[in-house]
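Q: generate coordinates for the sequence data below:
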Amino acid sequence: MFAKLARTGFLIAVLGVAGCNQKSMTDFVPEGANKQLPEKVLAEMRAKGMNRNAPIVGRIFKEENVVEVWKQKTNGRYEVIATYPICRYSGKLGPKYTEGDRQAPEGFYTVRPGQMNPKSGYHLSFNIGYPNAYDRANGRTGSNLMVHGACSSSGCYSMNDPQIEEIYAFARDAFKGGQTEFQIQAFPFRMTAANMARYRNDPNYDFWKMLKVGYDNFEITKVPPKVDVCEKRYVFNQVAPDGQSFNPTGACPMSTTPDPLKVAYGAYQKTYDAAFASAINTSTPAPKASIAGVKEASVVSDWSKRRARGERVTIEPPSMNHDGTVTENTERMGRIDSPLGRKMAALDAEKAAKKRAEEQKLAMIAAAKAEKERAKAEALAAKEAAKNKAAQPVETTATVAADATAPATDAQTADNGDGSRLSQIKKKLFGMFGG
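A: Numbering: from 1, shown residues only. All right, here's what the predicted structure looks like:
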């Protein structure tokens, strides 16, 4: 049933297969980006009934940290052909809101040959097409969001070089086979009942419920869904009446869903609802961190702007807590190594040198003042000492004379010997009889 739908081209309208001209192919795949898929992968493709140049679709799961490549089989349905661990993606679970929030996007995106970059500074890359119609309708901004090599990310999905070479080869071969664009489905996690129950209280839950409709359509049909946007939301596999179209910011037309898909989706949803109810009462791993909406995106965006200006900021971007407070690791600070960063560093060094010189000057002034105060204190002390000395009593000549005529002590008399006593007797006799 769904294979027939796929062959009619309705459900793969987003993956139109009109041929590319030779010029576009040689332009976007120059020498150096022609690494071929390993024979092991080619053998698996043959075993699964896949043509080497058949269309592809990419799926990304943040929490599971994987990129999957799905390839169309001869029956029109898709099956996974390769899975790669993501080397690095920046930000948290949740969509990208604004330029500089360092969030890797979530949603449904389209990649065309012109978005492939074999001369990327990150080995190889392709732009996933952010912002798409949904992002623009909701005022979300950002640019140059890639899947690329070099294992370095500031808002992209980064792989190691051998992985991006294979992913690039899958896309290149599909374009050569006539596919004009392929779909990238980027999700926070595999949208199972258990995972949705885990994140039911997350601020991004309503957005994820909307993405889940597209996820479910793919799970049911194994064909990339037709994606449109109206009333600022995604709609999947909807058929608008003749003469009407989907306006991203306008009212949705009275669209319909093909009956076979409607029936299959209803049965799928019934099973899901039961599993979800059961999962709520089951012990599951704690949810991972997710972005706290536009407020946190703005905080991180401001950090990115200051970092781009070469200012000294925290090494890791700030994070907003559930209570609205912001956490920053100020123990690890630095600035980006760039012309602006080096200029800011030079200005900081100049300011630091001026500050040190001023501190030294103030220290010298303080030392001179202290020395002056010390000398003044010493002078006052000397003056006070002289004053005290002048106020003390002085020994007079009379006192000295009195001391000289004072009777000799017994010890003194004894020390003078007999000669002294005779002399004294003579003096007495002379006094009595004249002398």
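
Q: from now on I want contacts and neighbour counts done on CA atoms only, so please keep to that.
A: Noted.

Q: next, count neighbours for Asp135.
A: By other CA atoms under 10 Å, the residues close to Asp135 number 22.

Q: show me what contacts it?
A: Contact analysis of Asp135 by CA atoms under 8 Å, 6 or more residues apart in numbering lists Thr141.

Q: which phi and psi does it have?
A: Dihedral angles of Asp135 (phi, psi; degrees, to the nearest 10) stand at phi -60, psi -50.

Q: quick check: it vs Pro38, distance?
A: When CA to CA, to the nearest Å is applied, the distance between Asp135 and Pro38 equals 37 Å.

Q: what's the answer for Val67, then?
A: For Val67, the distance to Pro38 - CA to CA - is 18 Å.

Q: looking at those two, which is more packed in?
A: Val67 (24 against 9).

Q: quick check, the more buried one in a strand?
A: Yes - counting by DSSP: H, G, I helix; E, B strand; the rest coil, Val67 is part of a strand.

Q: chain neighbours aside, what residue packs nearest to it?
A: Ile60 (4.6 Å; CA to CA, 6 or more residues apart in numbering).

Q: with Glu181 instead?
A: That would be Arg112: by CA to CA, 6+ apart, it lies 4.5 Å from Glu181.

Q: centroid residue for this structure?
A: By CA atoms, centre = their mean, the mean C-alpha position of the chain lies nearest to Pro317, the distance being 3.3 Å.

Q: in three-state terms, label the residue nearest to Ile56 when sequence neighbours are not counted for me.
A: Nearest in space to Ile56, with sequence neighbours left out and distances taken as CA to CA, 6+ apart, is Lys71 at 4.4 Å. Three-state call for Lys71 (three-state DSSP): strand.

Q: tally of neighbours for Lys71?
A: Using other CA under 10 Å, Lys71 has 28 other residues around it.

Q: what residues are up against it?
A: Counting by CA under 8 Å, 6+ apart, Lys71 has contacts 50, 54-57, 78-81.

Q: of those residues, which belong to strands?
A: Among the contacts of Lys71, the members falling in strands are 56-57, 78-81 (criterion: DSSP state E).

Q: how near is Ala279 to Asp348?
A: Separation of Ala279 from Asp348 (CA to CA) stands at 55 Å.

Q: one step back: turn the contacts of Lys71 into TSV, including pLDDT, distance to Asp302 and neighbour count.
A: Output for the contacts of Lys71, formatted as TSV (pLDDT from 0 to 100; distance: CA to CA, whole Å; neighbours: other CA atoms under 10 Å):
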residue	pLDDT	distance to Asp302	neighbour count
Met50	98	47	22
Ala54	98	44	22
Pro55	98	40	30
Ile56	98	38	26
Val57	98	35	25
Tyr78	98	42	24
Glu79	98	42	20
Val80	98	40	17
Ile81	98	41	18
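
Q: got those as a markdown table, with distance to Gly129 columns?
A: Formatted as a markdown table, these follow (distance: CA to CA, whole Å):
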| residue | distance to Gly129 |
| --- | --- |
| Met50 | 27 |
| Ala54 | 22 |
| Pro55 | 18 |
| Ile56 | 16 |
| Val57 | 14 |
| Tyr78 | 22 |
| Glu79 | 23 |
| Val80 | 22 |
| Ile81 | 23 |
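
Q: ok, so of these, who is nearest Leu362?
A: Of all the contacts of Lys71, Val57 has the smallest distance to Leu362: 69.6 Å, by CA to CA.

Q: what separation do you get for the closest one and Ala386?
A: Counting by CA to CA - Val57 and Ala386 are separated by 104 Å.

Q: again, but for Asp348
A: From Asp348 across to Ala386, the span is 57 Å (CA to CA).

Q: neighbour count winner among the two?
A: The neighbour comparison of Asp348 against Ala386 (other CA under 10 Å) goes to Asp348, with 14 against 11.

Q: isn't there a helix covering that one?
A: Yes - assessed with three-state DSSP, Asp348 lies in a helix.

Q: hang on, the earlier thing: counting neighbours, what do you get for the residue nearest to Val67?
A: Ile60 has 25 nearby residues by other CA under 10 Å.

Q: and it, helix, strand or coil?
A: Secondary structure, three-state DSSP: Ile60 is strand.

Q: do you know the pLDDT at it?
A: Predicted confidence (pLDDT) for Ile60: 98.

Q: distance of it relative to Pro162?
A: According to CA to CA, Ile60 stands 18 Å off from Pro162.

Q: repeat that for Gly129.
A: Taking CA to CA as the measure, Gly129 falls 23 Å from Pro162.

Q: more neighbours, the two?
A: More crowded of Gly129 and Pro162, by other CA under 10 Å: Gly129, with 20 against 14.

Q: look at the more buried one and report its pLDDT.
A: Gly129 carries a pLDDT value of 97.

Q: equivalent analysis for Leu347, please.
A: Looking at Leu347, its pLDDT reads 74.

Q: the one 4 residues further on now?
A: Lys351 is assigned a pLDDT of 82 by the prediction.

Q: how many residues are close by it?
A: 12.

Q: before we move on, the earlier item: contacting residues for the closest residue to the residue nearest to the centre of the chain other than its chain neighbours?
A: Distances taken as CA to CA, 6+ apart place Val300 nearest to Pro317, at 6.0 Å, with adjacent residues excluded. Listed by CA under 8 Å, 6+ apart, the contact partners of Val300 are 100-102, 317-319.

Q: most neighbours among these, please name it.
A: Of all the contacts of Val300, the highest neighbour tally under other CA under 10 Å goes to Asp101, namely 27 neighbours.

Q: does that one touch Val294 like I think?
A: No - contact status for Asp101 versus Val294: not in contact, 9.3 Å apart, counting by CA atoms under 8 Å.

Q: ok so, going back, now the ones in strands among the contacts of Lys71 as JSON lines including distance to Pro393?
A: JSON lines is the format used below for these (distance: CA to CA, whole Å):
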{"residue": "Ile56", "distance to Pro393": "118"}
{"residue": "Val57", "distance to Pro393": "116"}
{"residue": "Tyr78", "distance to Pro393": "122"}
{"residue": "Glu79", "distance to Pro393": "120"}
{"residue": "Val80", "distance to Pro393": "117"}
{"residue": "Ile81", "distance to Pro393": "117"}
